[in-house]
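>>> Sequence first, then the predicted structure:
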Amino acid sequence: MSFSTTLLRQTLQPLAGIFGDAVTADSTGPAFNCQQADEIALALYVTGHEGAAVTWLVGHTTEEEWDDLHAHPYDEKQGDADRTTPRVFTKDEIREYLREQSKDYLEALLIIAKS
């Protein structure tokens with residue numbers, strides 16, 4: 001980890017503690033729309049706070065609606081497009097989702113870092 005990544009990780013540590021707290025995530029996560037929740041989770045994930053990112057999205061998805069960003073497209077990609085109701089995501093599925101989503105996020109950060 002380079003100095004700047006270490007600094008960024010340390011800078012986001014307080015937010016990781018807040019958003020990564022299960023009680024906070026469960027009580028406030030559903031109030032955020034999917035795009036907002038993803039932005040928080042991805043910022044935490046790419047700065048090395050994977051556990052906090054997963055906890056945050058677990059809390060966010062507790063009240064998932066079928067047409068929410070996370071629910072239907074993910075199930076379609078997994079070959080489960082016939083599902084008619086949302087389901088609870090496992091932590092492993094959330095980690096996979098974050099891994100996939102973070103690729104574009106990391107590319108954007110690299111472009112910013114080079115400029």
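On my side now, so go ahead. Numbering: from 1, shown residues only.

>>> From residue 6, how far out is residue 94?
25 Å (CB to CB, to the nearest Å). C-beta here means a position set from N, CA and C on the backbone, and glycine is covered the same way.

>>> residue ranges with poor pLDDT in this structure?
Applying pLDDT under 70 to the chain picks out residues 1-5, 64-88, 109-113, 115.

>>> Any buried residues in the helix ranked longest in it, and which?
Using DSSP state H, we find that the single longest helix of the chain is helix 91-114. Residues of helix 91-114 classed as buried under the neighbour-count rule (16 or more other CB atoms under 10 Å) are 93-95, 97-98, 102, 105, 109.

>>> need those residues in CSV with distance to residue 54, can you?
Output for the buried residues of helix 91-114, formatted as CSV (distance: CB to CB, whole Å):
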residue, distance to residue 54
93, 10
94, 5
95, 6
97, 10
98, 7
102, 12
105, 16
109, 20
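
>>> Check these against residue 55 and report the nearest one.
Of all the buried residues of helix 91-114, residue 55 sits closest to residue 94, with 9.1 Å by CB to CB.

>>> Can you name the residues that contact the closest one?
Each residue near residue 94 by CB atoms under 8 Å, 6 or more residues apart in numbering is listed here: 54, 57-58, 61.

>>> ok, so of the residues you listed, who is nearest residue 31?
Among those, and counting by CB to CB, the member closest to residue 31 is residue 61, at 12.6 Å.

>>> thinking that closest one is in contact with residue 89, fair?
Yes - using CB atoms under 8 Å, residue 61 is in contact with residue 89, at 5.3 Å.

>>> one step back: what's the closest of the contacts of residue 94 to residue 13?
For those, the minimum distance to residue 13 (CB to CB) is 16.2 Å, reached by residue 54.

>>> The closest one contacts residue 95, correct?
Yes - in this structure residue 54 lies within contact range of residue 95 using CB under 8 Å: 6.0 Å.

>>> CA-only coordinates of the longest helix of the chain in PDB, if you can.
Below are the C-alpha coordinates for helix 91-114, written out as PDB (Å, rounded to 0.1, in the frame of the first residue of the first chain):
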ATOM      1  CA  LYS A  91     -22.100 -11.700   2.900                       C
ATOM      2  CA  ASP A  92     -20.200 -13.600   0.200                       C
ATOM      3  CA  GLU A  93     -22.600 -12.300  -2.500                       C
ATOM      4  CA  ILE A  94     -22.100  -8.800  -1.200                       C
ATOM      5  CA  ARG A  95     -18.300  -9.200  -1.400                       C
ATOM      6  CA  GLU A  96     -18.600 -10.500  -5.000                       C
ATOM      7  CA  TYR A  97     -20.900  -7.500  -5.800                       C
ATOM      8  CA  LEU A  98     -18.400  -5.100  -4.300                       C
ATOM      9  CA  ARG A  99     -15.500  -6.700  -6.100                       C
ATOM     10  CA  GLU A 100     -17.300  -6.400  -9.500                       C
ATOM     11  CA  GLN A 101     -18.500  -2.800  -8.800                       C
ATOM     12  CA  SER A 102     -15.100  -1.600  -7.500                       C
ATOM     13  CA  LYS A 103     -13.300  -2.200 -10.800                       C
ATOM     14  CA  ASP A 104     -14.700   0.900 -12.400                       C
ATOM     15  CA  TYR A 105     -14.300   2.800  -9.100                       C
ATOM     16  CA  LEU A 106     -10.600   1.900  -8.900                       C
ATOM     17  CA  GLU A 107     -10.000   2.900 -12.500                       C
ATOM     18  CA  ALA A 108     -11.500   6.300 -11.800                       C
ATOM     19  CA  LEU A 109      -9.400   6.700  -8.800                       C
ATOM     20  CA  LEU A 110      -6.300   5.800 -10.800                       C
ATOM     21  CA  ILE A 111      -7.100   8.400 -13.400                       C
ATOM     22  CA  ILE A 112      -7.600  11.100 -10.700                       C
ATOM     23  CA  ALA A 113      -4.300  10.100  -9.000                       C
ATOM     24  CA  LYS A 114      -2.400  10.400 -12.300                       C
END
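
>>> Perfect, that will be all.
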